[in-house]
Each structure stands twice: as C-alpha cells, then as structure tokens.
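Visitor: structure for the following, please:
(2 chains)
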Amino acid sequence: MKKVILLLLSSYAVLTAFFVVASALLPILRKRIVSNFAVGDVAIVVAVFLYGLFIYITGLLLIRAGCKDRH
Amino acid sequence: MTMFLEVFSVVAAFAAGVLFGRWWVPYQKRRGITSRDIYKEVDGVPRAGGLIALVAAAVGYCIISASVWVAMPLFVVALAIGLLGLIDDLRGVSENARVLFPVLLAFMLARAVDVKLTIPAVGLFYGATGWLAVLAIPVITNAFNMLDPVNGFLPAANVAVAASLAAVAAVRGQAEAVYLLSIHVAASLALYLYNRYPAKTFNGNVGSYFLGASLSTLAVIYDLVPYLILAGLPFVVNGALIIFSSGGIKSREKIARPTFLRDGVVYQDCSSPIISLVRVAVSDGPMGEYSIFKALFIAVLTSSALTAVFALFLRLLGLPI
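Guide: Numbers count the residues shown, from 1 in each chain, chains lettered A, B, ... in the order given. Okay, the predicted model is just below:
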C-alpha cells in the first residue's frame, strides 16, 4: 500500500508541476505553428510521453526493491 | 419543479439499477453467462453485471434530458460503448473494434458539441487541444478496463472520481454537470451493491466500458478532462505502467499477468517484465483480495480528494479552473 500511495503522490505532484510550468510558459504555448496548431498542442503530446516515462521508471524502481530477496 | 426532476432522476437511476440487478444476476446464472472467481476458487459467478450500471444511468439520463439536453448525446455515446463491452462479454469482439469504435465515437462527439480543453492554472492554448480532449474517451474507457482486478473496486472508484468531478463542477458553477455526475454516482452505487466483496456478479467489459465512457464523455462535454485525469490518476498510472512495460498498446489477453496467486494470496512475479498497479501494491508484500481492494480504493480516494481541494485552491488564487 505504501508503494502505491508513493507512486500516486509523486505522479500527482509531477502532473501539477507540469501545470505550473505551463502557466509560466503560456505566451509561448499560445504561439501558432500552422493553422489551428499552437506550440501548446505539441507540448502536450511531448508532456504526455515524458509523464508516462516518469511513471514507468518510478514503478520499476519501486517493484525492483521488492524483488531483491525474492524470485 | 426543475430541482425535483434532478433529484428524481438520481433516485430513479439508483432504484432502477438495484431492481434490474435483482433480475439480471440470477438470469446470467441461468443462461450460463458466468466465469470463475480465481481468488475464491468458485465457478459460476455472473460475468456481465456492468449492465446494471448501464440500465441505471439510462433511466437517470433519460429523465433528466427533459431539462438538460446534453444528457442525450452523453447517453448515446456511453450506451454505444457499453453495448460494445456487452457484446465482448457475450461473444467476443476483435481488438481493432475495441480500440477504434470509441475513437470514432469520440470524434463524432467533437463535431456535435463545442469541445474545449482548459488546463488547470493555465487556461486555454487556443490551439487544437479541444480535439485532443476527446481522446479522453477511448483512453479512459480502456484505462478503466485495465484496472478492474478485484471485487467492488471499479464501481467504488467511480463513485469517488465522479463525486470529485462534481465538486470541481460545483466550484466552477456548472450545475448541469453536477446533476449528471450525480446520476453516474447513483448508477455506480447500484452496481457496487452487487459487485462488492464477495461479489454476486463481476462487472465485465460492459461495466468498465460503460462507466469509462459515461464519465469521460461527461468530462469532455463539460471541459473537465484534466480533472478526470487527476482524480482518476490510479487508472492512468496503471495504464502507463502496462503500456510502457509491455512495449506498446496490446490487448489484455496478450499481456501475461505480472502477479500469481497461491492459496488466495497475490504475489508479484519477479520474472515478469510487466508492471501494473496491483504488482506495485503487492511488491510491499503478498496481499489478499480485500487488502488489494483497500489499497487501490485508498489511492483513488486520495487522488479524488486532492483534486477537489486543488480546484478550490485555484479558485481561491483566482487562477483558471
């Protein structure tokens, strides 16, 4: 249970940190690239990938600790 | 008068779900629509109980549509995806249909209603993010389907997440969203009565698909997608863990379980490359079914409560909600 809560809270903190960073970069995120697409649209796609990677690496570290003495 | 209709739709949804369940659960048993409860080593447990939530929400959404027109497109999308899940439970559906059908419906919804994506504390990019928001429908529907591991968890989690979104909508002043989310809560509660430990019926794909589609469509229509992701973060985390550890999006049948069962207790399989939230939970130590339910439910309660507080915090700071 502790590891689930740890993973959840760290994921929650990183996601809200993304929002804070995005609010500071808002003028850049609103710049248009082509037609309806803004820098923010690209940033969201990149952020989603990085966020998934963060969750995976954190999860991997947590389960590895539990496998050290077991098979 | 209007308020009466709103309250009545919620009560009627719950009552319809409970009454329907009294017929549907034994009917499934009689017709052999059952599967094995691996934790309790019991055969013959009805496997498509999620239809209870679908029927309950159908009654609620149809009643409230007299005053909230958006209940109808919401119900049509959720019904279509829920029925896909029911067909999958009864006959099986191809992997492509499972993925592409919700995507197709999501883009049809994007054309039918004005979709926006307001990022908490940020606001709007005024780009194409509205279109990205509709992808929440296939993403959340599949995320719900990927995390339905133990008795009672999925409907209980839906109660917590929908209540959290209702609190956010209340902070924003979106009364209609609060009413519709209350119907979702009532439908989830009706299903919980039959799915709670020890379950009289499993939810099946019809349950996870319908509840996922109902909640995510509501979130898309009322611009609540980021809050759905925050409140339902355990589902998102589980989905990300499975997708990244299995090397891409694959059907559930093609992904080997990263845990194993011995004498009713779940252990992590250290030889498996797959990671799931249940595996993270049992990596602390082996757990029984009810302990897993408690761990996962506490996680959902935590993310749901944090999200309601987060919205209130943004309101107090005068930031975009």
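Visitor: ranges for the helices of the chain?
Guide: This is for chain A. With helices called from DSSP state H, chain A shows them at A:2-24, A:26-29, A:39-67.
Visitor: hmm, no, I was thinking of chain B.
Guide: So, for chain B - with DSSP H - the helices run B:2-31, B:51-64, B:71-90, B:95-112, B:129-134, B:136-146, B:153-172, B:175-195, B:204-221, B:225-231, B:233-246, B:277-282, B:289-317.
Visitor: for chain A, what are the nearby residues on the stretch 201-321 of chain B?
Guide: Contact residues, the stretch 201-321 of chain B versus chain A (Cβ under 8 Å from any Cβ of the partner chain): B:226, B:229-230, B:233-234, B:236-237, B:240-241, B:243-245, B:268, B:270-271, B:275, B:277, B:279-281, B:283-285, B:291, B:294-296, B:298-299, B:302-303, B:306, B:310, B:319. (C-beta placed from N, C-alpha, C; glycine too.)
Visitor: ok, 7 Å please
Guide: Proximity of the stretch 201-321 of chain B to chain A (Cβ under 7 Å from any Cβ of the partner chain) is limited to residues B:230, B:233-234, B:237, B:240-241, B:243-245, B:268, B:270, B:275, B:277, B:279-281, B:283-284, B:295, B:298-299, B:302-303, B:306, B:310.
Visitor: any idea which of the helices of chain A scores lowest on pLDDT?
Guide: Here the lowest mean pLDDT among the helices of chain A goes to helix A:26-29, at a mean of 88.
Visitor: list the contacts of the most centrally placed residue in chain A.
Guide: Centroid check for chain A by Cα atoms, centre = their mean gives A:Tyr51 as the closest residue, at 2.3 Å. Going by Cβ atoms under 7 Å, 6 or more residues apart in numbering or on different chains, A:Tyr51 touches A:14-15.
Visitor: hang on, the earlier thing: the helices of chain B: lowest mean pLDDT?
Guide: helix B:129-134 - the lowest mean pLDDT of the helices of chain B, at a mean of 80.
Visitor: which residues are contacting it?
Guide: Residues outside helix B:129-134 that contact it (Cβ under 7 Å, 6+ apart) are A:40-41, A:44, B:106-107, B:109-110, B:115-117, B:220, B:225.
Visitor: which ones are touching A:Ala43?
Guide: Contacts of A:Ala43 by Cβ under 7 Å, 6+ apart are A:Leu29.
Visitor: follow-up on the earlier one: if any of the residues of the stretch 201-321 of chain B next to chain A are buried, put those into a PyMOL selection.
Guide: Selection of buried members from those for PyMOL, criterion 16 or more other Cβ atoms under 10 Å in any protein chain shown:
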select buried, chain B and resi 230+233+234+237+240+241+243+244+245+268+270+275+277+279+280+281+283+284+295+299+302+303+306+310
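Visitor: let me see the backbone angles for B:Val68.
Guide: phi -120, psi 100 (degrees, to the nearest 10).
Visitor: for it, which non-adjacent residue is closest in space?
Guide: Once flanking residues are discounted, B:Val68 sits nearest to B:Glu176: 4.9 Å by Cβ to Cβ, 6 or more residues apart in numbering or on different chains.
Visitor: just the pLDDT for the nearest residue to B:Thr34 once chain neighbours are set aside.
Guide: In space, and not counting its chain neighbours, B:Thr34 is closest to B:Gly44: 4.7 Å by Cβ to Cβ, 6+ apart. On the pLDDT scale, B:Gly44 is placed at 92.
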